[in-house]
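S.K.: build me a model:
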Amino acid sequence: MPWDILLIFLVLGVVVPWRGRKRLQQLMAKPHVESGERLSLYFSTIAFQWIAAAVAAWRAWAHGYTATQLGLAMPGRFRLLAITVFGAALIVTLQWLNLRRMGRSASPLRGPLQALAERILPQSTKELIPFLGLALTAGICEEFLYRGFAMAVISRTGLPTGVAVLLSSILFGLAHLYQGRAGFVSTMVLGILFGISRAVLGSVLPVIVWHVGVDVVAGTAGPKYLINNKAVTQQTNGH
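M.R.: I've put the predicted structure just below:
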């Protein structure tokens, strides 16, 4: 594997998780995160992800990867569009229902999730608009990096598709290690589902849309159920 490709994998597997955990530790150490700090987090993450995706695309092109290998082709467009729309509706609904369930839960897991939501999720229209830009960025850039670039590189080494799906999903989970062990596992599982879909459909387009949908619901329903519902949950626990 060329040194520049290895370097990109090093960034994805080490630098990105380290950067995410360090940034979140700083936010979690504060009793309250100001709006400006959340906006700074959104904009810096947007810039970082576009730069990372651009560098990966540049080096992939330099090493002769085709659009088909990177999952950028659209085989069977009507079928692909139908699957994309159906999958998006399903995953958005499941995400919404899960957040509502967590918002009503008295589980010990709700506490850390609520603390995380209070610090990184948008709490006003001023914050929501940039967050939606972040959701779009994450859907495009992360899916290209992990389901497009990473899977293509691993597959070119001769390893089976299943291994490419698993290894890229581990990298994807590590990128979300700032969410804790549960976040790592759940994100890795989601990455496996996305990776299988990308391999079967031959395109990253559906998983990009699904990823954006998951993040948009997190930014709109998350504050409602995990932050604004805080007082109700505390009263329920008091009884």
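
S.K.: next, the closest residue to H176 other than its chain neighbours: secondary structure please.
M.R.: Nearest residue to H176 in three dimensions, chain neighbours excluded: T187, at 4.1 Å (Cβ to Cβ, 6 or more residues apart in numbering). In this view, the C-beta of every residue, glycine as well, is placed from N, C-alpha and C. Three-state secondary structure (criterion: DSSP: H, G, I helix; E, B strand; the rest coil) places T187 in helix.

S.K.: ok, T187 touching F172?
M.R.: Yes - with contact defined as Cβ atoms under 8 Å, T187 reaches F172; the gap is 6.1 Å.

S.K.: the more surrounded of those two?
M.R.: The residue with more neighbours, out of T187 and F172, is F172; 26 against 18, by other Cβ atoms under 10 Å.

S.K.: so which strand or helix has the most centrally placed residue in the chain?
M.R.: By Cα atoms, centre = their mean, the chain has its centre lying nearest to A138, at 5.9 Å. Of the helices and strands defined by DSSP states H and E, A138 is found in helix 125-142.

S.K.: report the mean confidence score over that helix.
M.R.: Averaging pLDDT along helix 125-142 yields 96.

S.K.: so where is the protein shaky, pLDDT-wise?
M.R.: In the predicted model, the chain carries pLDDT under 70 at residues 109, 229-239.

S.K.: quick one, helices of this structure?
M.R.: 3-10, 16-28, 35-62, 77-104, 110-120, 125-142, 151-156, 161-175, 180-201, 205-222, 230-238 (DSSP state H).

S.K.: nearest to Q69, of the ones you listed?
M.R.: helix 151-156 (4.6 Å; Cβ to Cβ).

S.K.: residue contacts, the residue nearest to H176?
M.R.: 172-173, 175-176, 179 (Cβ atoms under 8 Å, 6 or more residues apart in numbering).

S.K.: would you confirm that A138 contacts V212?
M.R.: Yes - with contacts counted by Cβ under 8 Å, A138 reaches V212, the gap being 7.5 Å.

S.K.: and stretch 169-176, how far out from the chain's middle?
M.R.: Mean C-alpha position of stretch 169-176 versus that of the full chain (Cα atoms, centre = their mean, to the nearest Å) differs by 9 Å.

S.K.: now swap in stretch 196-210 and tell me
M.R.: The answer for stretch 196-210 is 14 Å, by Cα atoms, centre = their mean.

S.K.: so which bits of it are buried?
M.R.: 196-199, 201-210 (16 or more other Cβ atoms under 10 Å).

S.K.: wait, what's in contact with L205?
M.R.: Counted by Cβ under 8 Å, 6+ apart, L205 has contacts 74, 80, 84.

S.K.: neighbour-wise, which of those leads?
M.R.: T84 (19 neighbours).

S.K.: against V204, how distant is it?
M.R.: Look at T84 and V204: by Cβ to Cβ, to the nearest Å, they are 11 Å apart.

S.K.: how about L177?
M.R.: In terms of Cβ to Cβ, L177 sits 23 Å off from V204.

S.K.: do E142 as well
M.R.: Counting by Cβ to Cβ - E142 and V204 are separated by 10 Å.

S.K.: over to G191?
M.R.: G191 is 12 Å from V204, by Cβ to Cβ.
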